[in-house]
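A.B. asks: Have a look at this prediction, sequence included:
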Amino acid sequence: MFNWNTIDTVLLDMDGTLLDLHFDNHFWLSLVPQELSTQRNMSLAEAQQLVIAAYEQVAGTLDWYCLDYWQQQLGLDIMGLHRTLVDRIQLRQDSLPFLRALALAGKRRILVTNAHPKSLALKLEHTELATELDGMISSHDTGYPKEHPKFWQHLFAQFDLNPQRCLFIDDSEPILNAARLAGVAHQLGITNPDSQKPLKSFKDFPGIDDYQLLLNDLIQPPRV
């Protein structure tokens, strides 16, 4: 799928790409409306409509990913609620073998996430992810989400990257497109970000549902 001789660095999203997105989907689409319904004495359907409208209002902005913003907007203990679900924070089964294979192949592995630093810290605490990365950056550290071109400028400068020698992997087509527009040479979509949901498809990017599909070429690169 890729000529690994042309790739020095792999930029990896976290939620849905290295971690199962089921945690986040359950949290934001089920637990938050349930808590809001209880707190405000409204029906679950009303609470669901309220939070979806609130989400849509800031979609694609840094606020959408900001736990402090949602704590203020919804009046909920967002981090406290996160901690009630830590058993659902799970690495994809194929993530660690892929990350270890990248290391053996001499590829740099950088986590590139929109996750809020508090969420990132919680997920690193409850997985082995940190031990298999060479660097990480949260969009909140740059002031721009991955959807914004200035995020990529910060990323390239911070890690001294040549975007033409990078592969970016994410489960969001708009963010994959943002990476391409920023000059990243290679993009790959993840078609099964949530283990509990059907496969998704990508219009403009290649997609896979198992990193094993990349390992043969990665471990035994084609002869030049």
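C.D. replies: The structure has been received and is ready for your questions. Residues are numbered from 1 along each chain as shown.

A.B. asks: All the strands of the chain, residue numbers only.
C.D. replies: In the chain, the segments counted as strands under DSSP state E are 9-12, 108-113, 135-138, 166-170, 186-190, 207-208.

A.B. asks: Output these in a markdown table; the columns should cover mean pLDDT.
C.D. replies: Compiled in a markdown table, those are given as follows (pLDDT from 0 to 100):
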| stretch | mean pLDDT |
| --- | --- |
| strand 9-12 | 98 |
| strand 108-113 | 98 |
| strand 135-138 | 98 |
| strand 166-170 | 98 |
| strand 186-190 | 98 |
| strand 207-208 | 97 |
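
A.B. asks: Leaving out the residues flanking it, which one is nearest to residue 193?
C.D. replies: residue 16 (2.9 Å; C-beta to C-beta, 6 or more residues apart in numbering). Backbone N, C-alpha and C define where each C-beta goes, glycine included.

A.B. asks: so what's that neighbour up against?
C.D. replies: 24, 170, 171, 172, 190, 193, 194 (C-beta atoms under 8 Å, 6 or more residues apart in numbering).

A.B. asks: doesn't residue 17 make contact with the first one?
C.D. replies: No. Between residue 24 and residue 17 there is no contact under C-beta atoms under 8 Å: 11.8 Å.

A.B. asks: What's the local residue count around residue 195?
C.D. replies: 11 (other C-beta atoms under 10 Å).

A.B. asks: residues contacting it?
C.D. replies: The neighbours of residue 195, taking C-beta under 8 Å, 6+ apart as the test, are 20, 22, 92.

A.B. asks: go on, residue 144?
C.D. replies: Counted by C-beta under 8 Å, 6+ apart, residue 144 has contacts 62, 150, 151, 154.

A.B. asks: The lengthiest helix in the chain: which residues count as buried?
C.D. replies: Longest helix in the chain, counting residues (DSSP state H): helix 44-57. Across helix 44-57, burial judged by 16 or more other C-beta atoms under 10 Å covers 47, 48, 50, 51, 54.

A.B. asks: Distance to residue 132 and pLDDT for the residues you listed - can I get that in a markdown table?
C.D. replies: Output for these, formatted as a markdown table (distance: C-beta to C-beta, whole Å; pLDDT from 0 to 100):
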| residue | distance to residue 132 | pLDDT |
| --- | --- | --- |
| 47 | 38 | 96 |
| 48 | 36 | 95 |
| 50 | 39 | 95 |
| 51 | 34 | 94 |
| 54 | 35 | 95 |
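
A.B. asks: Quickly name whichever of the residues you listed is closest to residue 215.
C.D. replies: Among these, residue 51 lies closest to residue 215 (C-beta to C-beta), at 39.5 Å.

A.B. asks: Could you double-check that the closest one lies in contact with residue 36?
C.D. replies: Yes. The pair residue 51 and residue 36 passes the contact test of C-beta under 8 Å, sitting 6.4 Å apart.

A.B. asks: Which neighbours do these two have in common?
C.D. replies: Residues touching both residue 51 and residue 36 (C-beta under 8 Å, 6+ apart) are residue 74.

A.B. asks: how much space between residue 71 and residue 123?
C.D. replies: Residue 71 is 18 Å from residue 123, where distance means C-beta to C-beta, to the nearest Å.
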